[in-house]
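S.K.: Sequence unavailable; structure follows:
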Ligand code: SAJ
């Protein structure tokens, strides 16, 4: 049975490790956080994701997935650690990738395959990983240079959507970029054990760019929707109605405006492209400014809604970066709450997905958030909020995600992007 060592048991590493472990591989799941290893050893998971607990439990029970604090010898090594942004520099922080690569150097053997799954700035696989892994005394296999002391290296970026990770792991197409064709082919055979989508082979740097381009495409298009929403307000139309009609055109698909772009991917990855070529990426840089500026636009709407109230209290619904996930990393909702707090607003925040204690303003029920509030501010499109009837509360409603039908609400309602009733 082939062995795989997965480094990093986070949002991508754990589902990937569990998937391989339930498809005929012996998987060592390496995680530097002791509490994560303990949780898994107790048969539980530390991430909320539909179906993940059941899959991970099956993998752990069969002993085909063994959580560990350290790597070991293996046929395949998969690096799935975070590549966050160094905030002040707007550049990728590769320290986790580097230390994961360094940790496998003592265990690397000829014929092994190393795969980088983490989203990385262009040329990371080639310029950063190759020299680290070659410290093992082996050489990476390059086109035509395979030898008895070669190991193989490929980049296979994850492309799954949080909230649908397990489904998308299986059904999405994948891109695999090898340092040479042999590496790409080996990685393809591996992923074919569970991937039902098509697998496209290319070189490592192209695969890195493909992944970054996908997320940047989305960021640019969300910025466009956000800019349209701001214009809609100026010209007095409802942006949601306008988008709905524009999207009836066969070649137009405008995305949704909102309080900004969060998560650890779309707000981060465009900077990896900018860092590779700052002088030719004005559009991408402006995109980031537009989307990062949205929380302040929400604060402006709130101020307008409660302009006449003394010491207003705002009920904020939703903390996560998008609907129906539990992730508050880089959440625009949190940013809005911080800005409102800095302006001196009274705040009560509720999110059905986020355990109490995430932020000081958090309350444990929707009723506790909205009772006596001067305005209700919807920040996340959780299904639980859709169609919510705020009934007789009679205060302003600011819906940045268009989850409510504002016409059913009493009081003054503002749909983000122009409509005021
Ligand atoms: N958002 C909008 N308007 C929209 C769509 C999204 O404001 O029309 C906001 C969301 O509310 C959220 C942010 O953008 O704050 C990002 O959400 P998302 O659902 O667009 O994407 P992520 O970050 O959850 O996952 C993305 C996905 N990439 C693409 O769809 C191109 C996923 O496939 C990637 O695997 C993931 O990034 C990743 O790991 O890179």
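M.R.: On my side now, so go ahead. Please read these numbers as outputs of a predicted model, since none were measured by experiment.

S.K.: Every contact and neighbour count from this point should use C-alpha atoms.
M.R.: Will do.

S.K.: What residues does the stretch 301-421 of the chain have near the ligand?
M.R.: Proximity of the stretch 301-421 of the chain to the ligand is confined to 321, 322 under the rule CA under 6 Å from any ligand atom.

S.K.: how about the strands of the stretch 301-421 of the chain, start to end?
M.R.: Taking DSSP state E, counting those that start in this stretch as the criterion, the stretch 301-421 of the chain carries its strands at 313-317, 346-350, 375-378, 396-399, 413-415.

S.K.: Make TSV out of those and add distance to residue 149 and mean pLDDT.
M.R.: TSV is the format used below for the strands of the stretch 301-421 of the chain (distance: least, CA to CA, whole Å; pLDDT from 0 to 100):
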stretch	distance to residue 149	mean pLDDT
strand 313-317	57	97
strand 346-350	57	98
strand 375-378	58	94
strand 396-399	60	88
strand 413-415	63	59
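
S.K.: can those strands go into CSV with extra columns for mean neighbour count and distance to residue 106?
M.R.: Shown next, in CSV, are the strands of the stretch 301-421 of the chain (neighbours: other CA atoms under 10 Å; distance: least, CA to CA, whole Å):
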stretch, mean neighbour count, distance to residue 106
strand 313-317, 26, 49
strand 346-350, 22, 48
strand 375-378, 26, 51
strand 396-399, 25, 54
strand 413-415, 24, 57
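
S.K.: Out of those, which is closest to residue 368?
M.R.: Shortest separation from residue 368 across these is recorded for strand 346-350, at 7.9 Å, computed as CA to CA.

S.K.: tell me the angle of the closest one relative to strand 313-317?
M.R.: Here strand 346-350 points in a direction 20 degrees away from that of strand 313-317 (axes from the mean of the first three to the mean of the last three CA atoms, to 10 degrees).

S.K.: Could you check how far whatever residue of the stretch 1-150 of the chain ends up closest to the ligand is from residue 196?
M.R.: Going by CA to the nearest ligand atom, the ligand is nearest to residue 119 of the stretch 1-150 of the chain, at 6.9 Å. Separation of residue 119 from residue 196 (CA to CA, to the nearest Å): 22 Å.

S.K.: So between the two, which is more surrounded?
M.R.: A count of neighbours by other CA atoms under 10 Å puts residue 119 above the other of residue 119 and residue 196, at 28 against 15.

S.K.: Now for the closest residue to that one other than its chain neighbours, how many residues are close by?
M.R.: Distances taken as CA to CA, 6 or more residues apart in numbering place residue 157 nearest to residue 119, at 5.9 Å, with adjacent residues excluded. Residue 157 has 24 neighbours, counted by other CA under 10 Å.

S.K.: quick check, residue 157 in a helix?
M.R.: No - under DSSP: H, G, I helix; E, B strand; the rest coil, residue 157 sits outside any helix and is assigned coil.

S.K.: Could I get the contacting residues of it?
M.R.: Neighbour list for residue 157: 116, 117, 118, 119, 174, 175, 176, 207, 208, 211 [criterion: CA atoms under 8 Å, 6 or more residues apart in numbering].

S.K.: Residue 171 - how many residues pack around it?
M.R.: Neighbours of residue 171 (other CA under 10 Å): 15.

S.K.: So it sits against residue 191, correct?
M.R.: No - with contact defined as CA atoms under 8 Å, residue 171 does not reach residue 191; the gap is 11.6 Å.

S.K.: Out of the contacts of residue 157, list just those in helices.
M.R.: 207, 208, 211 (DSSP state H).

S.K.: The last one reaches residue 119, doesn't it?
M.R.: Pointing back at residue 211 there. Yes - at 7.1 Å, residue 211 counts as touching residue 119 under the criterion of CA under 8 Å.

S.K.: Name the nearest residue to the residue of the chain most remote from its centre, ignoring sequence neighbours.
M.R.: For the chain, the largest distance from the centre (CA atoms, centre = their mean) belongs to residue 148, which lies 39.6 Å off. Leaving aside its chain neighbours, residue 148 sits nearest to residue 110 (6.6 Å; criterion: CA to CA, 6+ apart).

S.K.: Helix, strand, or coil at that neighbour?
M.R.: Assigned by three-state DSSP, the conformation of residue 110 is coil.

S.K.: Residue 53 too?
M.R.: Residue 53 ends up helix, using three-state DSSP.

S.K.: Make 35 the starting number, not 1.
M.R.: Done: numbering now begins at 35, and the last item shifts to residue 87.

S.K.: Pull the number of nearby residues for it.
M.R.: There are 19 residues near residue 87, going by other CA under 10 Å.

S.K.: Now for the spatially closest residue to it that is not a sequence neighbour: which residues touch it?
M.R.: Leaving out its chain neighbours, the residue that sits closest to residue 87 by CA to CA, 6+ apart is residue 79, at 5.9 Å. Shown in contact with residue 79 (CA under 8 Å, 6+ apart): 70, 73, 86, 87, 90.
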